[in-house]
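Enquirer: Can you look at this prediction? I've put the sequence above it.
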Amino acid sequence: MTLFYIAGLLFLLYRFHPNEPEKATKKPIIDFKKDSSTLFALCENGQVKGNIFHYYQTHQNAVCIDTIKMNLRFTGIRAGAILKYFCSLAGVKQEKAINHLSTLGITDLNTLNLSQEAILKIYAAVKVAADRDIIVLNDFFKMKSREFENAFSFLLSDLEQAGKWILYLSCEMHYPKVNADKKIPVENFALFPLNFQKVTLR
């Protein structure tokens, strides 16, 4: 079972490891300066969403945070060791990632219970610690807890205030935290200004 857990962690680390960025020769898909600093992209289907995400994966000024499915219990693995390894792979300082983790509600790695959402918090905190101007999230809140979404809304709001451009990709319309139901026609994808304090993306 220990080997099984280690194999699962290695797979997670492989998914985390950034590919060598290609030079983005095409014009940017989205003009953040023109539209808004924080945008929700409602995509027609998964292929459109995947194409946009892949474009920004090859963009040297973007950090892309994908969904990671985990069905493992990380028994016997310390959170500090995972943070250190993630930071080493991403080439970022642990102090900066730890500051982001504090915003996410994680203040003590020694006593942290390594749940799947806790692993995702460490993963994302390290990713956004990289010195990039664009942050792209691929349905990152889908099927997560309200606590997880609320914690990230504070972090993303802070990053927005720091001048970062944020793009959230999904094939499902986001809903205001006050109930609303509205069908919006989409051809490839449609852009909407996004306020993390007023909508839920779960």
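Expert: Cool, the structure landed.
Enquirer: So which residues of the protein form helices?
Expert: With DSSP state H as the definition, the chain shows helices at residue ranges 2-16, 32-35, 46-57, 79-90, 94-103, 116-128, 146-161.
Enquirer: With respect to burial, which of these scores highest?
Expert: The densest packing among the helices of the chain, expressed as mean neighbour count by mean count of other C-beta atoms under 10 Å, is seen in helix 116-128 with a mean of 22. Where you see a C-beta, it was placed from the backbone N, CA and C, and this is true even at glycine.
Enquirer: and that helix, what other elements does it pack with?
Expert: Using 3 or more C-beta pairs under 8 Å, 6 or more residues apart in numbering; DSSP states H and E as the contact definition, the elements that helix 116-128 packs against are helix 2-16, strand 62-65, helix 79-90, helix 94-103, helix 146-161.
Enquirer: Low-confidence regions, this protein specifically.
Expert: Within the chain, the ranges that satisfy pLDDT under 70 run 1-29, 33-35, 70-75, 174-186.
Enquirer: what sits against the most centrally placed residue in it?
Expert: To find the centre residue of the chain, average its C-alpha atoms and take the closest one (C-alpha atoms, centre = their mean): that gives Ile65, at 3.5 Å. The contact partners of Ile65, by C-beta atoms under 8 Å, 6 or more residues apart in numbering, come to Tyr123, Ala124, Lys127, Val128, Ile135, Val136, Leu137, Asn138, Phe140.
Enquirer: before we move on, what about Ser153?
Expert: Residues Phe196, Gln197 are the ones in contact with Ser153 under the rule C-beta under 8 Å, 6+ apart.
Enquirer: how about 6 Å then?
Expert: By C-beta atoms under 6 Å, 6 or more residues apart in numbering, the residues touching Ser153 are Phe196.
Enquirer: now it: how far from Ser37?
Expert: Counting by C-beta to C-beta, to the nearest Å, the gap from Ser153 to Ser37 is 15 Å.
Enquirer: again, but for Tyr55
Expert: Tyr55 sits 19 Å away from Ser37, going by C-beta to C-beta.
Enquirer: Check Glu95 too.
Expert: The span separating Glu95 from Ser37 equals 26 Å under the rule C-beta to C-beta.
Enquirer: Turn the helices of the chain into JSON lines, columns for distance to Leu167.
Expert: Converted to JSON lines, the helices of the chain look like this (distance: least, C-beta to C-beta, whole Å):
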{"stretch": "helix 2-16", "distance to Leu167": "20"}
{"stretch": "helix 32-35", "distance to Leu167": "8"}
{"stretch": "helix 46-57", "distance to Leu167": "7"}
{"stretch": "helix 79-90", "distance to Leu167": "19"}
{"stretch": "helix 94-103", "distance to Leu167": "18"}
{"stretch": "helix 116-128", "distance to Leu167": "13"}
{"stretch": "helix 146-161", "distance to Leu167": "11"}
